[in-house]
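> Turn this into a structure:
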Amino acid sequence: MAITKSISNGCLQDSTVAGGAGAYNNVSLMNALSASFSMKNIDVTTFLCGSTVYPTRATGMQKIQYSASGFWDDYGDTNGQNALMDNVVEDIELWFKFLYDGTHFLKSRVEIDGMDIKTTPDGTVDVTFSAQSTGAITSG
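Numbers count the residues shown, from 1 in each chain. As a prediction, the model looks like this:
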């Protein structure tokens, strides 16, 4: 059974520095952000002779599914949005730091698992993308 919680409306930063160390850059022009947590509970129940057995569970695999949408401008945002495309095209290591209230954050290595770039008649370029965490998740 998966447990899911969503957080919306924050600031997304990314980094291509190995291990998630170093400076993070804002991903500009995003107008909707979310992070959904999923955890799998694993049954670790053991049986003891002559004892009443109650189910015991431990939280196993945890992941965050990030999604964002906004306007695309990788020429104007050469650090933030460009790092997204580098992850898609060149498989460059990518880390997200999601500041959900401007101060507190979730941080994890991610892989972009979907991106949709769409042009509109008024000349804007819209983007929607999603990314999935691929390792440990930290908060602060």
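> Going by C-alpha atoms from here, please, whenever you check contacts or count neighbours.
Noted.
> Need the three-state assignment for the most centrally placed residue in the chain.
By Cα atoms, centre = their mean, the chain has its centre lying nearest to residue 66, at 3.6 Å. The assignment at residue 66 comes out as strand when based on DSSP: H, G, I helix; E, B strand; the rest coil.
> same check, this time on residue 108
strand.
> what's the nearest residue to it if we skip its chain neighbours?
Using Cα to Cα, 6 or more residues apart in numbering and skipping residues adjacent in sequence, the residue nearest residue 108 is residue 137, 5.0 Å away.
> Against residue 89, how distant is that neighbour?
24 Å (Cα to Cα, to the nearest Å).
> any idea how far residue 44 lies from residue 14?
37 Å.
> Looking only at neighbour counts, state which of those two leads.
Comparing residue 44 with residue 14 by other Cα atoms under 10 Å, the one with more neighbours is residue 14, at 26 against 10.
> Could you give the backbone dihedrals for the closest residue to the more buried one other than its chain neighbours?
Spatial nearest neighbour of residue 14, chain neighbours left out: residue 96 (4.6 Å); criterion: Cα to Cα, 6+ apart. Main-chain torsions, residue 96, degrees, to the nearest 10: phi -110, psi 140.
> List the contacts of residue 96.
12, 13, 14, 15, 106, 107, 108, 109, 110 (Cα atoms under 8 Å, 6 or more residues apart in numbering).
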